[in-house]
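**Q** Test case, fold it:
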Amino acid sequence: MVHTYSVAMSGFAARLTTDEARLMESIPGFLFAHVDKPLHLRTTHTPTLLGLNQYNSLWQKSSQGEGIIIGVLDSGITPDHASFADPGLPPPPLKWRGRCDLPAGFSCTNKLIGAQAFTVKGKKTPIDEKGHGTHVAAIAAGTKVPDAEVLGQAHGTASGMAPRAHIAIYNVCSKKSCSHGNTIKGFDQAIIDGVDLIQISIGKENYDYSHNGVVIGSFAALKHGILTVNSAGNSGPSKSILDNDVPWILHVGAANIDRHVTAMLKLSNGMEFKGMSGYQPDPSTAVDLPLINPGVKQTQETLSCQNGSMAGFDVVGKMVLCGTGYIDKIEKAKIVKAAGGAAIIVINQPWEGYTLNADPYSIPAIHVSCKDAVKILNDYATDPNITGTITFKGTNYGFRPSPTVASFSARGPSLLNGGILKPDVIAPGVNILSAWPFKAGTHEISNNTKSFIMERGTSMAAPHVSGVAALLKKLHPDWSPAAIKSAIMTTAYSLDRDGDPIKDDASKIDAMSGERDRASIFAIGAGHINPEAANDPGLVYDFINADDYIPYLCSLKGYKSAMVTRIVKQYVTCGRKKMGAEEVNYPSIQVSMGSAGAKNKTVQRTVKNVGEASAKYTASVVKPSGVEVVVSPETLEFSNVGEEQSFTVVLSLTGKGKLNKDDVLEGRLKWVSQSGKQEVSSPIVVTA
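**A** Residues are numbered from 1 along each chain as shown. The predicted structure follows:
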């Protein structure tokens with residue numbers, strides 16, 4: 001026996017032979033069994049970037065999340081890191097029922113109030129052997145740590161989004177992988193222990209919901225009033241490869257931020273390129289070096305500078321061109337250094353576009369965009385004797401455009417869940433400084449309790465939202481998970497700091513003219529999170545009863561009663577009671593038209609007043625191209641807090657009245673308060 005489950009599902013995880021598993025099937029009351037599958041693990045500046053500060057902000061109003069418990073399901077934690085100290089924090093609430101299983105020499109605190117491990121392979125310990133869980137937990141609710149930096153860069157006070165919230169860690173990952181079975185156990189225990197919300201940056205793309213530990217566990221959490229925040233995945237820019245994209249999970253993509261740790265490359269032909277590097281040696285050490293490109297051999301190994309790929313090339317004392325991919329960029333620099341190389345230019349692949357990282361390299365380095373990479377490679381091909389100098393400009397802020405969608409951030413539309421726009425929102429997820437158990441650029445355990453690193457991923461974006469959700473939970477304890485989710489979604493913004501549509505870092509190389517392309521709605525969802533606005537959304541799209549999702553699950557293509565039963569932990573007979581994804585009371589609207597000749601669609605939504613008791617809202621619509629949109633009624637009037645009003649949206653194709661297969665028409669519905677203070681904004685998507 002490996003695990004037993006009591007809340008997330010009724011059952012257990014065990015090591016069984018095939019014959020033993022078949023024997024189980026003959027036992028009365030047996031429902032299902034399946035083979036466990038692996039899952040994948042998916043600051044100083046971002047609190048300020050998001051408007052969180054000490055002065056009349058969401059931080060001040062919410063006491064920085066004090067008293068809220070965030071359950072983090074991940075790879076464990078580094079308990080003695082300064083980000084998990086508890087200066088002045090009160091004990092956890094009386095409802096807390098968790099335990100602390102830290103090994104000798106470590107103890108829980110009023111910050112880290114619980115630590116448990118549910119791994120099967122390797123040591124069963126809450127101690128983080130990967131770094132991922134430590135990094136994620138500190139983003140969500142790390143204590144403020146002054147003088148944080150990485151190799152002298154990005155200096156400032158490191159802080160989680162909810163720095164006075166409590167953290168309970170549940171290690172559901174071995175050193176090599178995570179699993180559905182461990183994940184369900186983590187959810188099960190977190191619910192029993194009394195967490196207020198769950199942060200999980202783990203997933204597997206397009207995986208059957210009825211066998212998906214995150215989906216099953218998060219539904220159980222929902223039934224207990226607990227919101228789950230999850231990373232969308234790092235499979236971008238390919239479309240329709242998403243993790244755990246069910247409507248009750250708050251699903252988060254990654255955005256780039258306006259902070260660059262800048263490096264400059266100047267070639268002997270006069271061309272200059274701006275990039276990034278977390279390793280910033282003294283500028284006086286900059287020297288002119290000849291370039292060399294092992295990738296001319298056009299093999300996977302030489303293009304990406306893998307171990308042994310330098311053989312046959314004279315790289316000693318030279319600046320080596322290395323493509324991203326296959327191995328970590330930091331490892332590439334180590335390989336180049338071991339071969340005698342003096343510097344490295346890391347070049348993005350076409351699909352990576354403009355997303356750059358400030359990695360802690362071991363030699364002078366610069367990471368450049370795909371657009372610049374093409375120019376550098378062309379210059380080298382024209383003149384193999386070309387030389388270059390890398391200079392370092394330190395940490396800079398205010399980079400434009402900002403925010404942008406990170407190239408790796410997973411995108412919709414969902415293959416399993418058409419009618420629900422995913423991801424829900426985007427949040428900071430590139431070059432995020434947070435706690436780390438190792439020395440920068442190594443896997444050596446750091447003895448410094450103030451060790452930090454800058455990482456990227458939707459794994460980093462999700463805990464930003466978890467922390468914000470904790471602040472909202474503190475201020476609005478009566479809000480349901482759906483209400484918190486709605487507040488975050490309907491107040492998100494879709495324009496960047498210059499007032500232009502948010503751009504996509506993954507802009508195609510053949511379309512590059514110095515400008516990034518506008519990001520698709522399937523990349524940004526409702527938009528970029530706006531914590532201050534989320535505290536006063538005016539109206540929310542609520543969905544209080546978890547069981548109300550059952551008709552929706554029954555409507556999913558190929559999902560029969562037994563599959564839905566596995567997800568919701570109760571016997572279900574789907575029958576005729578079904579609710580299409582388009583009908584879910586969701587804060588976004590996505591409809592399919594044209595494939596079956598449908599020229600119009602009607603959807604209904606219900607909103608709840610959570611603002612002033614007496615309130616009036618008027619509909620404002622940005623129509624998708626070629627689509628007529630009629631909202632009825634056009635005004636909503638409320639006389640009480642908690643009062644609900646319903647409305648319909650009729651979408652009709654105009655013109656030719658037919659959509660092509662790949663057409664995506666985007667619009668937006670806003671309910672604008674009479675005072676103009678609130679804009680309850682929902683994206684509209686029409687596809688074939």
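
**Q** can you list the weak-confidence ranges in the chain?
**A** By pLDDT under 70, the weakly predicted segments of the chain are 1-43, 54-56, 120-123, 206, 509-514, 595-598.

**Q** okay, now the domains of it?
**A** 38-258+404-522, 260-396, 544-583, 585-688 (automatic domain parsing).

**Q** Reformat these as CSV; add mean neighbour count and distance to I529.
**A** Any C-beta I mention is one placed from the backbone N, CA and C, and that applies to glycine too. Shown next, in CSV, are the domains of the chain (neighbours: other CB atoms under 10 Å; distance: least, CB to CB, whole Å):
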stretch, mean neighbour count, distance to I529
domain 38-258+404-522, 23, 5
domain 260-396, 19, 19
domain 544-583, 17, 23
domain 585-688, 17, 13
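
**Q** Make a markdown table from these and add distance to A533 to it.
**A** As requested, the domains of the chain are exported to a markdown table (distance: least, CB to CB, whole Å):
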| stretch | distance to A533 |
| --- | --- |
| domain 38-258+404-522 | 4 |
| domain 260-396 | 26 |
| domain 544-583 | 23 |
| domain 585-688 | 8 |
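
**Q** of these, which approaches P537 most closely?
**A** domain 38-258+404-522 (4.1 Å; CB to CB).

**Q** from memory T157 sits against T44, does it?
**A** Yes - counting by CB atoms under 8 Å, T157 touches T44, with 6.2 Å between them.

**Q** any idea which helix or strand comes after the helix or strand where H464 lies?
**A** In this assignment (DSSP states H and E), H464 forms part of helix 458-475. Per DSSP H and E, the first helix or strand lying C-terminal to helix 458-475 is helix 481-490.

**Q** next structured bit after that next one?
**A** strand 503-504.

**Q** and for T157 and T44, which residues touch both?
**A** Taking CB atoms under 8 Å, 6 or more residues apart in numbering as the contact rule, T157 and T44 both touch A148.

**Q** show me what contacts the nearest residue to Y549 once chain neighbours are set aside?
**A** Leaving aside its chain neighbours, Y549 sits nearest to W248 (6.2 Å; criterion: CB to CB, 6 or more residues apart in numbering). Counting by CB under 8 Å, 6+ apart, W248 touches S218, F219, L222, T228, P481, A482, F543, A546, Y549.

**Q** ok, for the fourth one, nearest residue in space, not its chain neighbours?
**A** Closest residue to T228 in three dimensions, ignoring its sequence neighbours and counting by CB to CB, 6+ apart: S218, at 3.8 Å.

**Q** Quick check: which element contains the one you found?
**A** Using DSSP H and E, S218 maps to helix 213-223.

**Q** Just checking: what are the partner strands of the next helix-or-strand element following that helix?
**A** For helix 213-223, the following helix or strand on the C-terminal side (DSSP H and E) is strand 227-231. Under the criterion DSSP bridges, strand 227-231 sits next to strand 197-200 (parallel), strand 249-256 (parallel) in its sheet.

**Q** Switch these over to JSON lines; also include distance to L415.
**A** Output for the strands paired with strand 227-231, formatted as JSON lines (distance: least, CB to CB, whole Å):
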{"stretch": "strand 197-200", "distance to L415": "21"}
{"stretch": "strand 249-256", "distance to L415": "14"}
